[in-house]
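Trainee: attaching a predicted model along with its sequence, questions to come.
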Amino acid sequence: MPLDSITLGAVCSDIKKEIAGAKIDKIHQPEKYELMFFMRTKSGMSRLLIAATPNDARIHLTEERRENPASAPMFCMLMRKHLQGARVADIRQVGMERVVEIDLDCIDEFGDDVKKKLIVELIGRMANIILVDGEGRIIDLIRRVNSDMSSARPLLPGAFYRIPPPQDKKDIMTIEDGEFFSLFKEMNRDTRLDKWIVENFNGISPLVAREISFRIFGDAAAKTGPDDEDTRALVLKNLRFLKGVVDDKKYTPVILYRADSGEPLEFSFMDIKQYGDAAVSEEAKDFSDLIERFFKDRASKDRIKRRSAGLLKTVTTARDRLARKIGYQMEELRETKSRDELKSRGDIITANLHLLTKGMNKATLIDYYDPEMKEVEVKLDIRLTPQQNAQKYYRDYAKAKSAEVMLTKLIDEGKSELLYLESVLEEIDRAEGERDLAEIREELSINGYLSRHAEKGGKKQKAPPCASPHHYKTAGGFDIYVGRNNRQNEILTLKTAMKSDMWFHVQKMPGAHVILSCEGKTPDNDDMTAAAEIAAFYSNAKNSALVPVDYTAVRHVKKLYGGKTGMVNYENFKTAFVTPDAKKIERIRVK
């Protein structure tokens, strides 16, 4: 869901209270179209995130700690040059548009006081962050727009900035009653009320328009017409209510979660009732908290998806190639099952040598090993003598017997490797940042799936240091540690954990190693259940119910001989069936 105009106004109001007069201390660019400003305020350090990404453009204060690139992009360097040390003079929304202006008091390279302005356009695919000087001339912008991309409004350094052209819609803040009534009379018959509101009024999102329809009719998709005077009066009343919310700043930061999955569904500045029992409403502490909670998981997943695309393709290709290879080997193995027939043909030829001569391509012979002495047709090689044909069948039998042993071994090794590649795909899916992906790349390099790129001077890149495992603490005070990837799983289980600690892993599918640190104490059932639920959550079964999770003491877990990184065997285990709850697990996470 995009950030609508009224909610944006509420966000700006919250941000202004926090950062008005703040000094910009640091500027980071964690993603191509994102900026993070670290600001010194009267109450301490605040972080302002501005994202001009197409699918989740937004601006809000954040508590999230984002990984900073090793080398700053050029746009970030330019922003540091112009804005580091600047003070925030004002922040405001431009009318009812999804545009925010931040006035900044800066000092130029000569030590003179200058005015600059940071303009944030949160308009879908063309979202942008634009720095302009005191005269309104563009210094630079995060997404340049040339005349080929937009003939109506190119945006390039050196040009004067122009705000986006207004839409041909009415403003709920200024429309008079008579103007509204005239507009309503022009409505087409059997028009959905929510669509009519969105098409005719600026700043109202489809969600709010559907809510107005729901409040009037009890149906978010109700239809009406120009002759419905009662509806006309109620629509105007609701528009006046929205104007009052904006005028009086009586916003309510509301986020809706899907009742079945707990995933964020919608957010708004007002109570939303149209979803009924299908959604659960929750009030956030403020609008920055609202926006961060809604976009955090989705934005993180999109970010990781972009960064891991190449890695995902490499592992998926290796997995699919290996799966095909195993399929061919299994087909060959099935063919070896008929090897006894080869030996039988050799025996039949040997028993009937007196009936055969060289040059025959087949012969119908008595099978003396059959109780009923049936005749069978035996194929022969015309280039071989009868004795040589018999020996050929015996050799093929011996080859098939040896092939069965070898193919069985290769298939077992292939399945083990396939399981490993599936586990890598699972850990890519739950990677939380570039550091996690770097560790996965290192793991794949160790196991021969990737080559480590050489740095200048011919030196190979150093392996990244392992990040700390995920850390949880149960209600009983026990620590739970979760491996982020196979490399960390191996270190956590085989090197870090005590032999008396408890080890948990989802049964027969890829997942993280989970260690319940006991430190000589005995965990109760609730502690064990929490660890099992976390093991289920960090696996391919995270969205399933009654997930089987095996658990045993660490002393019973051994590295798989010849296995890939993180592959283990375990014994003396028990199995618990649990249903992971993301919110419950998040509550016991140690930040």
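Mentor: Here it is on my side, so go on.

Trainee: residue contacts, Glu413?
Mentor: Gly562 (Cβ atoms under 8 Å, 6 or more residues apart in numbering). Glycine gets a C-beta too; all of them are placed from N, C-alpha and C.

Trainee: measure it to Lys325 for me?
Mentor: Per Cβ to Cβ, to the nearest Å, Glu413 is found 11 Å from Lys325.

Trainee: please list all residues in contact with the closest residue to Asn486 other than its chain neighbours.
Mentor: Sequence neighbours aside, Gly566 is the residue nearest to Asn486 in space, at 3.0 Å (criterion: Cβ to Cβ, 6 or more residues apart in numbering). Counting by Cβ under 8 Å, 6+ apart, Gly566 makes contact with Tyr420, Ser423, Glu443, Gly483, Asn485, Asn486, Arg487, Asn489, Glu490, His513.

Trainee: switch the cut-off to 10 Å
Mentor: 420, 423-424, 427, 443, 447, 483, 485-494, 510, 512-513, 559-560 (Cβ atoms under 10 Å, 6 or more residues apart in numbering).

Trainee: from these, which land in strands?
Mentor: Lys559 (DSSP state E).

Trainee: quick one: which of the contacts of Gly566 sit in helices?
Mentor: Tyr420, Ser423, Val424, Glu427, Glu443, Asn486, Arg487, Gln488, Asn489, Glu490, Ile491 (DSSP state H).

Trainee: so the last one makes contact with Glu443?
Mentor: No: taking contacts as Cβ atoms under 10 Å, Ile491 lies outside contact range of Glu443: 11.2 Å.

Trainee: find the residues that touch each one of these two.
Mentor: Common neighbours of Ile491 and Glu443, counting by Cβ under 10 Å, 6+ apart, are Thr565, Gly566.

Trainee: okay, these two: which has more neighbours?
Mentor: Regarding Ile491 and Glu443, a neighbour count based on other Cβ atoms under 10 Å identifies Glu443 as having more, with 24 against 17.

Trainee: wait, doesn't that one sit right on Asn485?
Mentor: Yes: using Cβ under 10 Å, Glu443 is in contact with Asn485, at 6.1 Å.

Trainee: any shared contact partners between these two?
Mentor: Val424, Glu427, Thr565, Gly566.

Trainee: and these, which two are furthest apart?
Mentor: The span of these, defined through Cβ to Cβ, is set by Glu427 and Thr565 at 10.8 Å.

Trainee: more neighbours, the two?
Mentor: Higher neighbour count among Glu427 and Thr565: Glu427, with 27 against 20, using other Cβ under 10 Å.

Trainee: count of residues packed around Leu155?
Mentor: For Leu155, using other Cβ under 10 Å, the count is 20.

Trainee: how about it: what's its closest non-neighbour residue?
Mentor: Nearest residue to Leu155, sequence neighbours excluded (Cβ to Cβ, 6+ apart): Val145, at 4.2 Å.

Trainee: neighbours of that neighbour, just the number please.
Mentor: Neighbour tally, Val145, other Cβ under 10 Å: 14.

Trainee: swap in Tyr449?
Mentor: Close neighbours of Tyr449, defined as other Cβ under 10 Å, add up to 18.

Trainee: ok, now Ser300?
Mentor: With other Cβ under 10 Å as criterion, Ser300 counts 15.

Trainee: ok, now Lys409?
Mentor: 10.

Trainee: for whichever helix or strand Val315 is part of, buried residues please.
Mentor: Using DSSP states H and E, Val315 falls within helix 309-336. If you call a residue buried by 16 or more other Cβ atoms under 10 Å, then helix 309-336 has these buried ones: Leu311, Leu312, Val315, Ala318, Arg319, Leu322, Ile326, Gln329, Glu332, Leu333, Thr336.

Trainee: with stretch 172-187 instead?
Mentor: Neighbour counts using 16+ other Cβ under 10 Å place Ile172, Ile175, Phe180, Leu183, Phe184, Met187 of stretch 172-187 among the buried residues.

Trainee: how about those in a markdown table, adding pLDDT?
Mentor: Output for these, formatted as a markdown table (pLDDT from 0 to 100):
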| residue | pLDDT |
| --- | --- |
| Ile172 | 92 |
| Ile175 | 91 |
| Phe180 | 93 |
| Leu183 | 92 |
| Phe184 | 92 |
| Met187 | 89 |
